[in-house]
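A.B. asks: here is a sequence together with a model predicted from it:
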Amino acid sequence: MGDGQPDDGERELSTLFRELRDRDQENAPPFATTWARAATRVQQTAVWKPVAVGGFGLLAAAAALMIVFATRDAPRQTTDYEVGPPDPEPLAFLLMPTGFDAVDATVSFDSRPFRYQLDEILEAAQKGDPL
Amino acid sequence: MTPAGDSSEGGAQALRDQIGTLHAAAYGWALTCCRRDHHDAEEVLQDSYAKVMSGRAKFDGRSGFKTWLFGVIRRTAMEHRRRFLVRKQSFRQYRGESSPSVPPAPDDAVSRAARAGAVADALPELAVRQREVLHLVFYEGLSVGEAADAMGVSLGTARLHYHRGKKRLLKLLDERGFAHG
């Protein structure tokens, strides 16, 4: 039983489980039959396992051979790419402007007129003059 | 160490004899591990014996032979459950079957059979660990500590499942009018 003296519930469960065990024992398959079926399974596994391993090995070998022959018979690049004239300044790209420099060089924005207007507005506001 | 560790002809025969003496208990344990499904329990038992026979499961003497055999059966039942769960459920749904049951009890002791049937019906409603520990304690007569060894859990865990399972099972049986939980 659990720990210490069994209580009423444990005694009751003990009786019920004993009845269940008796019933299970009556319905249990014969040991000899179960053992014989297990032995059959072992024999089947002993036969099929090497077959399965061998089959897998054959498949792997076939795949490897297929790759070998496919790559061996494949058309190959025989002509080289045409070589153009040599670059006169191979490092010229280093002197080219970077992205922001290029944008700054091409786009300019003159904010002076707006700044003058803002100065006038502030000055007028300080003087209290309506614009 | 028992003859189970011996691979000779005599050792194999001794192993067979030893398992033969535990067959009824092993079948009961397989039933518990398979939610009281009679067919699954037979399958699991055959697989477990095949494992022992082929040497895939070897007794190393670290625990009792019965505890070891129960461990093999429990692991096999878990594998079996994983492997066949989806397939079996879909097949049963297709055939419109309800949950499996054990074969009908003999008519000579109707009330006894009814009580045993009530326990058998209530057990699958418990959690797996609760079912296992109750089986090992009440069905096999092990202590909670021995049950913990067979289940591969700590004593504290086994004790917790024992108390919760006992309470729940008594409640279920009370609802069915077979116990006074």
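C.D. replies: Noted; the coordinates are in hand. Values in this document were obtained by computation on a predicted structure and should not be read as measured data.

A.B. asks: check which element follows the lowest-mean-pLDDT helix or strand in chain B along the chain.
C.D. replies: Sorted by mean pLDDT, DSSP states H and E, the helices and strands of chain B end with helix B:65-95, the least confident at a mean of 77. Downstream of helix B:65-95, the first helix or strand assigned by DSSP states H and E is helix B:110-122.

A.B. asks: do that next one and chain A meet?
C.D. replies: Yes: using CB under 8 Å from any CB of the partner chain, a contact is recorded between helix B:110-122 and chain A, made by B:Arg112, B:Ala113, B:Arg115, B:Ala116, B:Gly117, B:Ala118, B:Val119, B:Ala120. Any C-beta I mention is one placed from the backbone N, CA and C, and that applies to glycine too.

A.B. asks: can you report how many residues neighbour the last one?
C.D. replies: With neighbours defined by other CB atoms under 10 Å in any protein chain shown, the count for B:Ala120 comes to 21.

A.B. asks: give me the nearest residue to it, chain neighbours excluded.
C.D. replies: Leaving out its chain neighbours, the residue that sits closest to B:Ala120 by CB to CB, 6 or more residues apart in numbering or on different chains is B:Arg36, at 5.2 Å.

A.B. asks: that neighbour and B:Ala122 touch, don't they?
C.D. replies: No: applying CB atoms under 8 Å as the test, B:Arg36 and B:Ala122 come out as separate, 9.7 Å apart.

A.B. asks: give me the low-pLDDT residue ranges for chain B?
C.D. replies: B:1-9, B:85-110, B:179-181 (pLDDT under 70).

A.B. asks: and if you look at chain A?
C.D. replies: Where chain A drops to pLDDT under 70, the residues are A:1-4, A:73-82, A:97, A:99-116, A:130-131.

A.B. asks: show me the domain layout of it.
C.D. replies: Following automatic domain parsing, one finds the domains of chain A at A:8-71, A:98-127.
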